[in-house]
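>>> Here is my input, please return the structure:
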Amino acid sequence: MSLLDNGSSEIINPDTYFQTNTPPRTLGENENRVKEFVNKHNEAGRRIVLITSGGTTVPLENSTVRFIDNFSAGTRGATSAEYFLEMGYAVIFMHRQFSLQPYSRHYSHSKNCFLDFMELKSDGSIGVNSKYAPKMKAVLEKYQEFKKNETLLFLDFVTVADYLFLLRSVTRIMSALKEHAMYYLAAAVSDFFIPAQKMPQHKIQSDGGLTLTMDQVPKFLKPMVTNWVPCGFIVSFKVKNFIQL
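Presented below is the predicted three-dimensional model:
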């Protein structure tokens, strides 16, 4: 498979992107969850932060079999969410499906199998290995505290379209909070994609070479700052290329 030089990529206006791409089926449901979460914690006088985490995929077919993945385990986002929660924030954790999540990351991203932390007791019940019990207890207590207080809301995405539609919706809802909201954009978002109208409907046949022409994903930070949340505090990250000598 070969990719054409990205100099041939078409630059799409952000508004055009939303007009020509299909929103995820769960968008309306997630918008309602976010509104309820924001209203509850705003009334309680609690600060709210949106954290994005993990990578996005770019489908190569409309009935997706193949895709290009912008890989990210989500370590920065999941770890940062824990710090924000412990500082008193309510956290909307918008993450790639199956990427690392706050607190559970201590065990889902371990060199040990999760089952190694468990043991069968003589009475047939299951318990935590005494070697790991103190740390697991500390992590569990924190997680259950935030779960009880409902200060952590999980939203997931897979494709770059899922991410962008959800990001626009969540930030617009949070914009009413003005300077009392923070947007911590730690997700690794794809830079290029193939518009739905340019993709084959079904699986690309594997009977020869493949050349892809990809369009540039619109730059959404500018409209986010100027239109979606002009009064919010925004933190973003960018990976720079480097040469090792």
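
>>> quick one: pLDDT of Val239?
At Val239, the model reports a pLDDT of 71.

>>> What residues does it make contact with?
Ala188 (C-beta atoms under 8 Å, 6 or more residues apart in numbering). C-beta coordinates here come from the backbone N, C-alpha and C atoms, glycine included.

>>> Now name the helix or strand holding it.
Assigned by DSSP states H and E, Val239 falls within no helix or strand.

>>> how close does Pro218 get to Phe71?
Pro218 is 22 Å from Phe71, where distance means C-beta to C-beta, to the nearest Å.

>>> Looking at these two, which one has more neighbours?
Pro218 (17 against 12; other C-beta atoms under 10 Å).

>>> Now the more buried one. Nearest residue, chain neighbours left out?
Using C-beta to C-beta, 6 or more residues apart in numbering and skipping the chain neighbours, the partner closest in space to Pro218 is Pro14 (4.3 Å).

>>> Test my guess that that neighbour contacts Pro223.
Yes - using C-beta atoms under 8 Å, Pro14 is in contact with Pro223, at 5.1 Å.

>>> burial measure for Gln19, as a count.
By other C-beta under 10 Å, the residues close to Gln19 number 8.

>>> pretty sure it is in a helix, no?
Yes - applying DSSP: H, G, I helix; E, B strand; the rest coil, one finds Gln19 inside a helix.

>>> Let me know the pLDDT of it.
92.

>>> Which parts of this structure are strands?
2-3, 48-53, 57-59, 67-69, 90-96, 118-120, 126-128, 152-157, 181-185, 192-193, 211-212, 215-216, 233-236 (DSSP state E).

>>> which other helices and strands contact the longest one?
When you say that, I think you mean strand 90-96. Applying 3 or more C-beta pairs under 8 Å, 6 or more residues apart in numbering; DSSP states H and E, one finds that strand 90-96 makes contact with helix 27-43, strand 48-53, helix 75-86, strand 152-157, helix 160-174.

>>> How far does the second one sit from its chain's centre?
It stands for strand 48-53. Here the centre of strand 48-53 is set off from its chain's centre by 9 Å, with C-alpha atoms, centre = their mean, to the nearest Å.

>>> what comes into contact with that strand?
37-38, 41-42, 72, 74, 76-78, 80-81, 84, 89-96, 99-100, 163, 167, 170-171, 174, 177, 180-187.

>>> quick one: Phe157 and Ser99 touch, right?
No - the criterion here is C-beta under 8 Å, and Phe157 misses it with Ser99 at 9.8 Å.

>>> for the spatially most central residue of the chain, what are its contacts?
Taking C-alpha atoms, centre = their mean, the centroid of the chain lies closest to His95, which sits 2.5 Å from it. Neighbour list for His95: 51-54, 74, 77-78, 101, 154-157, 187 [criterion: C-beta under 8 Å, 6+ apart].

>>> and the gap between it and Gly77?
In terms of C-beta to C-beta, His95 sits 6 Å off from Gly77.

>>> Give me the local confidence score for the residue nearest to Pro218.
With respect to pLDDT, Pro14 scores 90.

>>> Who are the contact partners of it?
Pro14 neighbours (C-beta under 8 Å, 6+ apart): 218-220, 223.

>>> where do the contact lists of His95 and Gly77 overlap?
With C-beta under 8 Å, 6+ apart, His95 and Gly77 have common neighbours 51-54, 187.

>>> Buried subset of the residues you listed as a ChimeraX selection?
Entered in ChimeraX, the line below selects the buried ones among the shared contacts of His95 and Gly77, by 16 or more other C-beta atoms under 10 Å:
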select :51,52,53,54,187
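
>>> Which two among the shared contacts of His95 and Gly77 are spaced furthest apart?
Across those, the longest distance by C-beta to C-beta is 10.5 Å; it joins Ile51 and Gly54.

>>> which residues are in contact with both of these two?
With C-beta under 8 Å, 6+ apart as the test, Ile51 and Gly54 both reach 77, 95.
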